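Colleague: For reference, the sequence and a predicted model appear below.
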Amino acid sequence: MNLDFGNKVVVITGAGLGIGRAAARMFAKHGAKVAVIDLNEDHARNTVEAIGAEGGTAAYFVADVSQEEQVKNCFRGVLDKWGRVDVLINNAGIYYQGKITDTPLAVWEKVMAVNVRGAYLCAREAVAIMEKQGGGVIINVASEAGLVGIKGQVVYNVSKAALIGLTRSLAVDHAPAIRVNCLCPGTTATPLVEESVRRSGDAEKARRELEQIRPMNRLGLPDEQAAALLFLASHEISYATGAVLCVDGGYTAQ
Ligand SMILES: NC(=O)c1ccc[n+]([C@@H]2O[C@H](COP(=O)([O-])OP(=O)(O)OC[C@H]3O[C@@H](n4cnc5c(N)ncnc54)[C@H](O)[C@@H]3O)[C@@H](O)[C@H]2O)c1
């Protein structure tokens, strides 16, 4: 299996922490030049430094993916530095817990802006670049929550379902040159999850509950999601477009 990304430029949003950071390191280990996009400069710098220490190549660009001008500047920066974009991973995302009556409009707008508008803005830049250069790959990081209605997190579920729709729409519009696929991670031990477990009051209990609701009886690891992203981005799976890959410990198989 050829998972060599030598000479490929891979842009990963939200790569300062969690799944995005694990993916950035894994792509760099496979030879890619990695553009780390994140809102948080310290986190972005940490990822780039970790990649440098491992002998890889990376640069960071600070941006809020929901802001059009910031996204445009990032892609300009990537083009100035490396001249192309072979892979875009729309990974940046935020979470909110609440039923509809506990979800203020401002929160709804914010989650949709980061999770959906952000992916749209980044994909729009990437598609324009990839069309000129003759091809590329886009992967949207949705969630198991985009496939089923997980209780008490309505706006997050909706935002992730929208990413599945975005994936399919871009896949049919831009085949065969640009492949667009979607990863649906199940609950994975990242700062996003640790934070929501901590907020629950009884962290141990909350963690156990998250583990027990899935057949594999454990949380995913960031590297397990990163490996799926690497495979989806690789030429090995060149016939897949518009696909939705669940890496969720069997959660949505129930
Ligand atoms: N961890 C899970 O259990 C899980 C499960 C399913 C899906 N996901 C999805 O995977 C993705 C990554 O999740 P994670 O758990 O690694 O998250 P995380 O919170 O650990 O890291 C997210 C990163 O995105 C950055 N970010 C947040 N808002 C941003 C913005 N507006 N612009 C740019 N960067 C921004 C943060 O600074 C952070 O570095 C998210 O889209 C999340 O919804 C995660």
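Modeller: Looks like it arrived, so ask away. Residues are numbered from 1 along each chain as shown.

Colleague: ok, longest helix in this protein?
Modeller: helix 154-174 (DSSP state H).

Colleague: List the contacts of it.
Modeller: In this structure, residues lying in contact with helix 154-174 by CB atoms under 8 Å, 6 or more residues apart in numbering are 90, 93, 95-100, 103, 107-108, 111-112, 115-116, 119-120, 123, 127, 130-131, 138, 140-143, 145-147, 149-150, 178-182, 184, 241-242, 244. Glycine gets a C-beta too; all of them are placed from N, C-alpha and C.

Colleague: Enumerate the residues of the stretch 101-250 of the chain near the ligand.
Modeller: 114, 118, 141, 143, 185, 187-188, 190-193 (CB under 6 Å from any ligand atom).

Colleague: Buried ones only from the residues you listed, please, as a ChimeraX command.
Modeller: Applying 16 or more other CB atoms under 10 Å to these, the buried members can be selected in ChimeraX as follows:
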select :114,118,141,143,185,187,188,190,192,193
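
Colleague: what's the next secondary structure element after the longest helix of the chain?
Modeller: Beyond helix 154-174 on the C-terminal side, the first helix or strand identified by DSSP states H and E is strand 178-185.

Colleague: thought E144 was touching G250?
Modeller: No: the criterion here is CB atoms under 8 Å, and E144 misses it with G250 at 10.0 Å.

Colleague: ok, now which ones touch the residue of the stretch 51-200 of the chain found nearest the ligand?
Modeller: Using CB to the nearest ligand atom, the single residue of the stretch 51-200 of the chain nearest to the ligand is G93, 2.2 Å away. G93 makes contact with 14, 114-115, 141, 143, 159-160, 192, according to CB under 8 Å, 6+ apart.

Colleague: repeat that with 7 Å
Modeller: Each residue near G93 by CB atoms under 7 Å, 6 or more residues apart in numbering is listed here: 14, 114-115, 141.

Colleague: repeat for N140
Modeller: N140 neighbours (CB under 7 Å, 6+ apart): 90, 119, 163, 166-167, 182.

Colleague: redo that, cut-off 6 Å
Modeller: Residues near N140 by CB atoms under 6 Å, 6 or more residues apart in numbering: 90, 119, 163, 167, 182.

Colleague: buried ones in the helix or strand encompassing E211?
Modeller: Assigned by DSSP H and E, E211 falls within helix 203-212. Residues of helix 203-212 classed as buried by neighbour count (16+ other CB under 10 Å): 206-207, 210.

Colleague: What of stretch 79-98?
Modeller: 82, 85-97.

Colleague: Repeat that for stretch 120-134.
Modeller: Buried-residue list, stretch 120-134, by 16+ other CB under 10 Å: 120-123, 125-127, 129-130.

Colleague: Check stretch 26-37 too.
Modeller: In terms of neighbour count (16+ other CB under 10 Å), stretch 26-37 has its buried residues at 26-30, 32-37.

Colleague: out of the residues you listed, who's nearest the ligand?
Modeller: I37 (6.2 Å).

Colleague: gap between the closest residue to that closest one other than its chain neighbours and A189?
Modeller: In space, I37 comes closest to T13 once its chain neighbours are excluded; the distance is 4.5 Å by CB to CB, 6 or more residues apart in numbering. Distance of T13 to A189, computed by CB to CB, to the nearest Å: 20 Å.

Colleague: which of those two has more neighbours?
Modeller: Higher neighbour count among T13 and A189: T13, with 28 against 18, using other CB atoms under 10 Å.

Colleague: The more buried one and the ligand: what is the separation?
Modeller: In this view, T13 and the ligand are 6 Å apart by CB to the nearest ligand atom, to the nearest Å.
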